[in-house]
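Undergrad: how does the following fold in three dimensions:
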Amino acid sequence: MYRFLVPLTILLAAVVPASAESPTNVVHKLIAAVRNADKSAVAALYAKLADRPTDVSWLDSLLSSDDGDLISPTWCPDSKMDGDAAVVVVATLKKRGPLDIDPCYLVRQNGKWLVLPKHTDIRVAQRSVSEVTMNSLESLKTWFTGREKQLYAELEAEAEQAKPPPRSAEEGRAVLAKVLSKRDPHGFPEPRRK
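TA: Purely as a prediction, here's the structure:
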């Protein structure tokens, strides 16, 4: 029986395309492309919906800020897939204000995971994806709503276990960055360099 396991594994590796990436990997690529101000790489990671051209004009205003989503320290501590839809939880530790947790919704098109143009809003996908995929996006939105609250509580509990306890807000941010880096070792713990 084990004689057949190795050839079967090799066959499956040949059949499954190497380019098949997880939704989290796609979001990591998006963050890297945004941080590098690479508009063509950013555009290539977005889903094409209803024959609309991909608009990445928002990138200029984001890059002019020094404290925005995806350019501040950012991690992807959780994700969930449902058929041809997925949500990746994106946690951003901005200079001003508390930790920000947002969804990043993706759909699978032609075997590739791509980010919805308004990545935190599934409504943009209406009339552009199948009813099944839209139902999956709705289900993922519900999951994210509960998971967001749960994740904040988990991160706070993990940060409170730090020894010695943080004595300042800056030390607290450093502890939170370590906690997030354990959950997503491929995250971006440093802010974007201009």
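Undergrad: all strands for this protein, in order.
TA: Using DSSP state E, the strands assigned to the chain run over residues 74-82, 85-92, 100-109, 112-115.
Undergrad: any chance of the ones you listed in TSV with mean pLDDT, distance to Ala174 and mean neighbour count as columns?
TA: Every residue, glycine included, has its C-beta placed from N, CA and C. Formatted as TSV, those follow (pLDDT from 0 to 100; distance: least, Cβ to Cβ, whole Å; neighbours: other Cβ atoms under 10 Å):
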stretch	mean pLDDT	distance to Ala174	mean neighbour count
strand 74-82	97	14	21
strand 85-92	97	15	25
strand 100-109	95	17	21
strand 112-115	95	30	20
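Undergrad: can you give me the helices in this protein?
TA: Applying DSSP state H to the chain gives helices spanning 2-15, 23-35, 39-44, 58-64, 131-160, 169-183.
Undergrad: and the shortest one, what other elements does it pack with?
TA: Just to be clear, that refers to helix 39-44. helix 23-35 (3 or more Cβ pairs under 8 Å, 6 or more residues apart in numbering; DSSP states H and E).
Undergrad: ok, residues contacting the helix it packs on?
TA: The set of residues external to helix 23-35 that reach it, using Cβ atoms under 8 Å, 6 or more residues apart in numbering, is 21, 41-42, 45, 59, 62-63, 70-71, 74, 76, 79, 81, 86-88, 90, 104, 106, 113-115, 184, 186-188, 192.
Undergrad: next one: it to chain centre, how far?
TA: In terms of Cα atoms, centre = their mean, to the nearest Å, the centre of helix 23-35 is found 7 Å from the chain centre.
Undergrad: just the C-alphas of it, formatted as PDB.
TA: Below are the C-alpha coordinates for helix 23-35, written out as PDB (Å, rounded to 0.1, in the frame of the first residue of the first chain):
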ATOM      1  CA  PRO A  23      -6.100  33.800   0.400                       C
ATOM      2  CA  THR A  24      -3.700  34.800   3.200                       C
ATOM      3  CA  ASN A  25      -0.700  34.600   0.800                       C
ATOM      4  CA  VAL A  26      -2.500  36.800  -1.700                       C
ATOM      5  CA  VAL A  27      -3.200  39.400   1.000                       C
ATOM      6  CA  HIS A  28       0.500  39.300   2.000                       C
ATOM      7  CA  LYS A  29       1.300  39.900  -1.600                       C
ATOM      8  CA  LEU A  30      -1.100  42.800  -1.700                       C
ATOM      9  CA  ILE A  31       0.400  44.400   1.400                       C
ATOM     10  CA  ALA A  32       3.900  44.000  -0.100                       C
ATOM     11  CA  ALA A  33       2.800  45.600  -3.400                       C
ATOM     12  CA  VAL A  34       1.100  48.500  -1.600                       C
ATOM     13  CA  ARG A  35       4.200  49.100   0.500                       C
END
